[in-house]
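**Q** Starting from these lines, generate the structure:
(one chain, ligands or ions: 2)
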Amino acid sequence: MAHTARTNLDTAQSKAEALIEALPWIQRFAGTTMVIKYGGNAMVNDELRRAFAEDIVFLRHAGINPVVVHGGGPQINKMLDTLGIESEFRGGLRVTTPEAMDVVRMVLTGQVQRDLVGLINSHGPYSVGMSGEDGATLQAVRTGTIVDGLPVDLGLVGEVTRVRTDQVDSLVDAGMIPVISTVAPEFDADGEPTGAVLNVNADTAAAALATALGAAKLVILTDVEGLYAAWPDKSSLISSITNDELRTMLPGLESGMIPKMGACLKAVDEGVGQAHIVDGRQPHSMLLEIFTTAGVGTQVLPAANSASNTATNTAQKDAK
Ligand SMILES: Nc1ncnc2c1ncn2[C@@H]1O[C@H](COP(=O)(O)OP(=O)(O)O)[C@@H](O)[C@H]1O
Ligand SMILES: CC(=O)N[C@@H](CCC(=O)OP(=O)(O)O)C(=O)O
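**A** Numbers count the residues shown, from 1 in each chain. Ligands and ions are numbered 1, 2, ... in the order given. This next block holds a predicted model:
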């Protein structure tokens, strides 16, 4: 009996400590915008999806403005399989035919985005879904990639060249949580819409939005603990890396990590305070990364900040 009472007290004490540890982070980030990228591989079961929605609503009630950008690669693959349409990835990006583009648009905006909005709104009427097409929020040009030194044509794949923040700003100003799917209208070299829509990798779209919104953080959820220096050696998890160090490492990365780390680098280079890779398979890992001093994933910082090491919680986190 006494043992149980002691255990209960210890548990209560550690819960109180966790709440108090969050205080300086809540103070620091209240009023800022955070762009959270939710990836297909981190949304594979109901428990994780529900925990993600809770975290987003928690951020909103901590005074932060969360803007969600979502992927849906596995969900697109499943629908393409069902429809018997083949697709391949080159350099971490899907080669997208016009037939595949219809499926990408249908799955991202019609299915994955709807599910996320519904989950967040199970906590209250907070969330509004939109596509990069709405209000021409994401404007893109066609892009290819380089694999083994050779250019590869990816078809209807785009890279964001301009973000119109008006729609997102007005939702945020109204206290809403935008949930954005990464389909973007194509613009030509003269800045005119061509009428086509392009498939944009969700990591790179999230980085473009984070930059345009002047976000304090870009947080990318994925299906690994973070970035590994010597993948797949699990002892090589990187806790903190500067943009300059990441720039050197980027050419040696493989598969899905290429757009992901490229997105983090671009965001931090262009003024986003910090970028984070966190494990979306662990419920609430996003809250632990944002509101604890040690964090749980990989953070990318501007090189100039990384040397700061004064005795504040903020600096401890920056120098984690
Ligand atoms: N250096 C690395 N560190 C971590 N993961 C890596 C690395 N190199 C390759 N990967 C792979 O990248 C994957 C994440 O990319 P991806 O599958 O596109 O994720 P998501 O669907 O979340 O966008 C990991 O599951 C892992 O297999
Ligand atoms: C060009 C390109 O590759 N687009 C991605 C868009 C979805 C996405 O990025 O989803 P995840 O975040 O779940 O990987 C695709 O077609 O799969």
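**Q** can we go C-alpha only for contacts and neighbour counts from here?
**A** OK.
**Q** Give me the distance between the closest residue to ligand 1 within the stretch 101-250 of the chain and residue 279.
**A** Among the residues of the stretch 101-250 of the chain, residue 222 lies nearest to ligand 1; the distance is 3.4 Å by CA to the nearest ligand atom. For residue 222, the distance to residue 279 equals 5 Å [CA to CA, to the nearest Å].
**Q** what's the answer for residue 302, then?
**A** Computed as CA to CA, the residue 302 to residue 279 distance reads 22 Å.
**Q** interface residues of this structure facing ligand 1?
**A** Counting by CA under 6 Å from any ligand atom, the chain comes close to ligand 1 at 39-42, 222-224, 226-229, 231, 253-257.
**Q** Report the contact partners of residue 297.
**A** By CA atoms under 8 Å, 6 or more residues apart in numbering, residue 297 lies in contact with 225, 226, 227, 238, 239, 276, 277, 278, 279, 289.
**Q** ah, wrong one, I meant residue 298
**A** Counting by CA under 8 Å, 6+ apart, residue 298 makes contact with 225, 226, 227, 237, 238, 239, 240, 241, 276, 277, 278.
**Q** Give the burial count for the fourth one, as a bare number.
**A** By other CA atoms under 10 Å, 18 other residues sit near residue 237.
**Q** Skipping adjacent residues, who's closest to it in space?
**A** residue 228 (4.3 Å; CA to CA, 6 or more residues apart in numbering).
**Q** Let me know how buried that neighbour is, in neighbour terms.
**A** Neighbour number of residue 228 under other CA under 10 Å is 18.
**Q** Please report how far it lies from residue 107.
**A** Taken as CA to CA, the span from residue 228 to residue 107 is 31 Å.
**Q** same check, this time on residue 65
**A** With CA to CA as the criterion, residue 65 and residue 107 are 26 Å apart.
**Q** what's the answer for residue 73, then?
**A** 9 Å.
**Q** The stretch 201-320 of the chain against ligand 2: which residues are in contact?
**A** So the stretch 201-320 of the chain meets ligand 2 at 201, 202 (CA under 6 Å from any ligand atom).
**Q** so where's the stretch 201-320 of the chain shaky on pLDDT?
**A** Within the stretch 201-320 of the chain, the set of residues satisfying pLDDT under 70 comprises 305-320.
**Q** picking up where we left off before, what sits against the residue nearest to residue 237?
**A** Residue 228 neighbours (CA under 8 Å, 6+ apart): 234, 236, 237, 238.
**Q** And the helices in the stretch 51-200 of the chain?
**A** 73-82, 98-107, 113-121, 166-173 (DSSP state H, counting those that start in this stretch).
**Q** now the angle from the first one to helix 98-107?
**A** Which is helix 73-82. Interaxial angle, helix 73-82 versus helix 98-107 (axes from the mean of the first three to the mean of the last three CA atoms, to 10 degrees): 130 degrees.
**Q** Tell me how far residue 135 lies from residue 164.
**A** Residue 135 is 8 Å from residue 164, by CA to CA.
**Q** got it, and residue 58?
**A** 27 Å.
**Q** got it, and residue 36?
**A** 18 Å.
**Q** before we move on, what about residue 8?
**A** Where residue 164 is concerned, residue 8 sits at a distance of 51 Å (CA to CA).
**Q** what residues does the stretch 1-150 of the chain put near ligand 2?
**A** So the stretch 1-150 of the chain meets ligand 2 at 39, 40, 41, 71, 72, 73, 93, 94 (CA under 6 Å from any ligand atom).
**Q** Turn the residues you listed into CSV, including neighbour count and pLDDT.
**A** Shown next, in CSV, are these (neighbours: other CA atoms under 10 Å; pLDDT from 0 to 100):
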residue, neighbour count, pLDDT
39, 21, 84
40, 20, 67
41, 18, 71
71, 27, 94
72, 26, 94
73, 18, 93
93, 20, 89
94, 20, 95
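**Q** Now do the same contact list for the closest residue to residue 95 other than its chain neighbours.
**A** Once flanking residues are discounted, residue 95 sits nearest to residue 154: 4.3 Å by CA to CA, 6+ apart. Neighbour list for residue 154: 90, 93, 94, 95, 96, 143, 144, 145 [criterion: CA under 8 Å, 6+ apart].
**Q** distance of the fourth one from residue 29?
**A** So the one you mean is residue 95. From residue 95 to residue 29 the distance is 38 Å (CA to CA).
**Q** Could you check which of residue 8 and residue 164 is surrounded by more residues?
**A** It is residue 164, of residue 8 and residue 164, that has more neighbours when counted by other CA under 10 Å, with 17 against 12.
**Q** could you list every residue that touches the nearest residue to that one once chain neighbours are set aside?
**A** Nearest in space to residue 164, with sequence neighbours left out and distances taken as CA to CA, 6+ apart, is residue 137 at 4.6 Å. For residue 137, the contact set (CA under 8 Å, 6+ apart) comprises 131, 163, 164, 165, 166, 167, 168, 184.
**Q** Then residue 122?
**A** Here residue 122 is in contact with no residue (CA under 8 Å, 6+ apart).
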